[in-house]
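In: Could you look at this predicted model? Sequence included:
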Amino acid sequence: MNCGKPVGAATAANQGASLGEKPRGPAHLSGERKVTTALFADVVGSTTLAEQMDPEDWTTIMNGAFERLSPAVERYDGMIIRLLGDALLALFGAPQAHEDDPARAVHAALDMLNAAEKYADEVQNQYGIPFAIRIGINTGPVVVGAVGSDVKYEYTAMGDAVNLAARMQSAARPMTVLISENTYRFVAPLFESTDLGPVEVKGKSEPVRVYEIRAAKAEPGRIRGLAGLESPMVGRTTELATLRNVAAAVRGGEGRIVLVTGEAGLGKSRLINEWKAVMTTGDEGPSLQWAEGQCLSYGQGLAYHLVLDLLRSLIGVPAAASEPETRAALQSRTEDLFDSGALDVYPYLAHLLSLHLTGEALDRVQQLDPQALQGRYLGALRQLIQAMAVQRPLGLILEDIHWADPSSVEMLNKLMSLITEASVMFCFISRPDPDTPGWKLVTPARESYLDRMVEVQLSALSDDDSRQLVSNLLEIEALPENIRGVILKKAEGNPFFVEEVIRMLIDRNAIRRRGDSWVAEQEIENVEIPDNLQGLLLARIDRLPEEVKYTLRVASVIGRQFPVTVLEQVLSGQSGS
């Protein structure tokens, strides 16, 4: 067992042995280290309730509870790794990582509470007992993988992050979600919460700051960016000029398609916001009106979720608007645009938005089979966009189409022909990922509308632009050069990475503001990857084929730079210098 021994080689102890013949060794864990978010849910007062009931009745109640709670975990791509009596433990970030696992866990927890509230009425009516749950969430590093002996394995997680999630659950009030500060810093802009302050937690030497989640925010804030630190956009002058020329053509009555691509964190959304800001005014023709559709990272299984978000933007209501607010906005918009012809559009868009229909509007929808109804969805949305473009040139921003759902992709492909009929611009924003359903918007656009299409590809910032961004964010030129060098080396020209490294250094008091300047509070030679970036990078790695992931792991052990021949020799099991 010396250095260099092939990991997968058979040993004398197990070579050729069947399962029944294997020596019975102690349990062990073989896995990998990951930053995950653990969700722990428990039934309130279960011990007392179980004592009062027949065991079969209590089992029936718990089975019903798990049947109603589990879909929320699955909906956000979490994994239930343990069901113990009256408790459920789920992981978000393992085995498959996502860049927004903390937010997914909190969304799942809120959905679980909604399901539990409905189930509580059923339990009360049938068994005459109260039913409630409480949920705790924490984010942190764990080791995940198979644990067990030679004859029994299960996928699990080991680490303090899981233990703290259980402690959060114990401290939560019935029918509430309690999260640690570790999770809060990832999700604060997305959810309404109450700061409960530091709480004594068993097993922790210091109090833990906790937050009670109330609801998702009607208008979520920005996850990215540094609060209180702003910078003008740097390094995108050419790209912005290209987009301005496209918008000028649309103002002149020509339809266009724009594709903006770039890896995560390169500033695609920032570029679009700057573009909208400079093109909303009417100094170069009629002012543009904008509508946006945002894809959800977990939305590929949600039918029409991109189209629905775009439609809400077209009628001027947020995603969190109530049913009456949405219905009133749709009625107002269709009546203004179509007058007496509103009933040719309103019923189908209302049905697409799952709004309550009555009278003639309901009759029109009920007469159609599902396939015919989908055709009416398309026709009504086409009429709406065309009518709005007649009033003023219309720019449609479709964000993160690499997460688009197939039904939205199919509809948008059919709507793209509007660029030949009206002053409409489709702007698709995506990571360069041709294997996603959303990329099926790109290929047809290139094939059918190449003469009306403009592509903007974002690359990493140059060293000079990166230095300028750091100076802008920290508001001074006199930042110690060693600190600036650490930030630039770690970020490698990615604006989001620059911000996150600076955020981490500030949070850890490695750099601190004193008056109008920033000073180093400690010697900084190197910094690890911030947690936000770990999630983003691990999400990319986890999508790779197993063989490629293995190669990447081996390469990471060899070093940052090395000859390809060295990697080839290590992978082939050959010795080399």
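Out: Noted; the coordinates are in hand. Numbers count the residues shown, from 1 in each chain.
In: in the helix or strand hosting Thr36, what's buried?
Out: Using DSSP states H and E, Thr36 sits in strand 28-43. Of all the residues in strand 28-43, those buried under the rule 16 or more other C-beta atoms under 10 Å are Gly31, Lys34, Val35, Thr36, Thr37, Ala38, Leu39, Phe40, Ala41, Asp42, Val43. To be clear about C-beta, it is placed using only N, CA and C from the backbone, and glycine gets the same treatment.
In: Switch these over to TSV; also include pLDDT and distance to Leu311.
Out: Converted to TSV, the buried residues of strand 28-43 look like this (pLDDT from 0 to 100; distance: C-beta to C-beta, whole Å):
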residue	pLDDT	distance to Leu311
Gly31	67	44
Lys34	84	37
Val35	87	36
Thr36	91	35
Thr37	94	32
Ala38	94	36
Leu39	96	32
Phe40	95	38
Ala41	94	34
Asp42	93	40
Val43	92	40
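In: Pull the distance from whichever helix or strand comes after the strand holding Thr36 to the chain's centre.
Out: Next in sequence after strand 28-43, counting helices and strands by DSSP H and E, comes helix 46-52. Counting by C-alpha atoms, centre = their mean, to the nearest Å, helix 46-52 is centred 39 Å from the centre of its parent chain.
In: And for stretch 258-275?
Out: That offset, for stretch 258-275, works out to 17 Å (C-alpha atoms, centre = their mean).
In: same thing with stretch 255-268?
Out: How far stretch 255-268 lies from its chain's middle: 18 Å, per C-alpha atoms, centre = their mean.
In: What distance separates the opening and closing residues of it?
Out: In stretch 255-268, first residue to last residue: 22 Å (C-alpha to C-alpha, to the nearest Å).
In: Going forward, count from 471.
Out: All set: I'll call the first residue 471, so the last point we hit is now stretch 725-738.
In: So for that stretch, mean pLDDT?
Out: Taken as a whole, stretch 725-738 carries a mean pLDDT of 92.
In: where does the stretch 671-820 of the chain dip in pLDDT?
Out: Applying pLDDT under 70 to the stretch 671-820 of the chain flags residues 693-700, 750-756.
In: In it, what residue spans correspond to strands?
Out: 678-686, 726-731, 759-764 (DSSP state E, counting those that start in this stretch).
In: Then the stretch 871-1020 of the chain?
Out: Here the stretch 871-1020 of the chain has its strands, by DSSP E, counting those that start in this stretch, at 894-900, 923-927, 981-984, 987-990.
In: So which bits of the longest helix seen in the chain are buried?
Out: Among the segments of the chain that qualify as a helix by DSSP state H, the longest is helix 571-597. Buried residues in helix 571-597, counted by 16+ other C-beta under 10 Å: 571-583, 585-586, 589-590, 593, 597.
In: what's downstream of that helix, the next helix or strand?
Out: Helix 571-597 is succeeded, C-terminally, by strand 603-618 (DSSP H and E).
In: So which elements touch that following strand?
Out: On a contact count with 3 or more C-beta pairs under 8 Å, 6 or more residues apart in numbering; DSSP states H and E, strand 603-618 meets strand 498-513, helix 571-597, strand 623-628, helix 630-641, strand 647-650, helix 651-657.
In: Kindly present these as a markdown table, with separate columns for distance to Glu537.
Out: As requested, the helices and strands packed on strand 603-618 are arranged in a markdown table below (distance: least, C-beta to C-beta, whole Å):
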| stretch | distance to Glu537 |
| --- | --- |
| strand 498-513 | 14 |
| helix 571-597 | 9 |
| strand 623-628 | 21 |
| helix 630-641 | 20 |
| strand 647-650 | 20 |
| helix 651-657 | 26 |
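In: ok, back up a step: and of the buried residues of strand 498-513, the nearest to Glu526?
Out: Distance to Glu526 across those (C-beta to C-beta) is lowest for Val513, with 16.8 Å.
In: So Tyr847 is in contact with Leu822, correct?
Out: Yes: with contact defined as C-beta atoms under 8 Å, Tyr847 reaches Leu822; the gap is 5.0 Å.
In: Show me which of those two is the more surrounded one.
Out: Leu822 (22 against 18; other C-beta atoms under 10 Å).
In: Quickly list what's touching both of Tyr847 and Leu822.
Out: Taking C-beta atoms under 8 Å, 6 or more residues apart in numbering as the contact rule, Tyr847 and Leu822 both touch Tyr774.
In: per-residue confidence averaged over the longest helix of the chain?
Out: 94.
In: and that helix, what other elements does it pack with?
Out: strand 498-513, helix 525-545, strand 557-562, strand 603-618, strand 647-650, helix 651-657, strand 678-686.
In: relative orientation of that helix and helix 525-545 in degrees?
Out: Helix 571-597 and helix 525-545 are oriented at 150 degrees to each other (axes from the mean of the first three to the mean of the last three C-alpha atoms, to 10 degrees).
In: And helix 571-597, how far out from the chain middle?
Out: Helix 571-597 sits 22 Å away from the centroid of its parent chain (C-alpha atoms, centre = their mean).
In: Pull the contacting residues for Met645.
Out: Neighbours of Met645 in contact, by C-beta under 8 Å, 6+ apart: Val514, Leu583, Ala586, Glu587, Ala602, Ile603, Arg604.
In: Neighbours of the first one, how many?
Out: Looking back up the chat, that one is Val514. Residues near Val514, counting by other C-beta under 10 Å: 17.
In: how much space between it and Pro600?
Out: 8 Å (C-beta to C-beta, to the nearest Å).
In: hang on, the earlier thing: the longest helix of the chain to strand 603-618, inter-axis angle?
Out: 120 degrees.
In: What separation is there between the nearest residue to Met858 once chain neighbours are set aside and Ser802?
Out: Leaving aside its sequence neighbours, Met858 sits nearest to Leu864 (C-beta to C-beta, 6 or more residues apart in numbering; 5.3 Å). For Leu864, the distance to Ser802 equals 18 Å [C-beta to C-beta].
In: For those two, indicate the residue with more neighbours.
Out: Shown here are Leu864 and Ser802; by other C-beta under 10 Å, Leu864 has more neighbours (24 against 13).
In: how much space between that one and Phe536?
Out: Distance from Leu864 to Phe536, by C-beta to C-beta: 47 Å.
In: repeat for Tyr546
Out: Applying C-beta to C-beta, the value for Tyr546 to Phe536 is 17 Å.
In: how many other residues sit next to Thr731?
Out: By other C-beta under 10 Å, 19 other residues sit near Thr731.
In: Contact partners for it?
Out: Lys738, Ile899, Ser900, Arg901, Pro902, Glu925, Val926, Gln927, Leu928.
In: Could you do Leu729 as well?
Out: Residues in contact with Leu729 (C-beta under 8 Å, 6+ apart) are Cys897, Phe898, Ser900, Val912, Ala915, Met923, Val924, Glu925, Val926.
In: Likewise for Leu838?
Out: Leu838 sits in contact with Arg846, where contact means C-beta under 8 Å, 6+ apart.
In: Over to it. Which of the three states is it?
Out: Secondary structure for Leu838, judged by DSSP: H, G, I helix; E, B strand; the rest coil, is coil.
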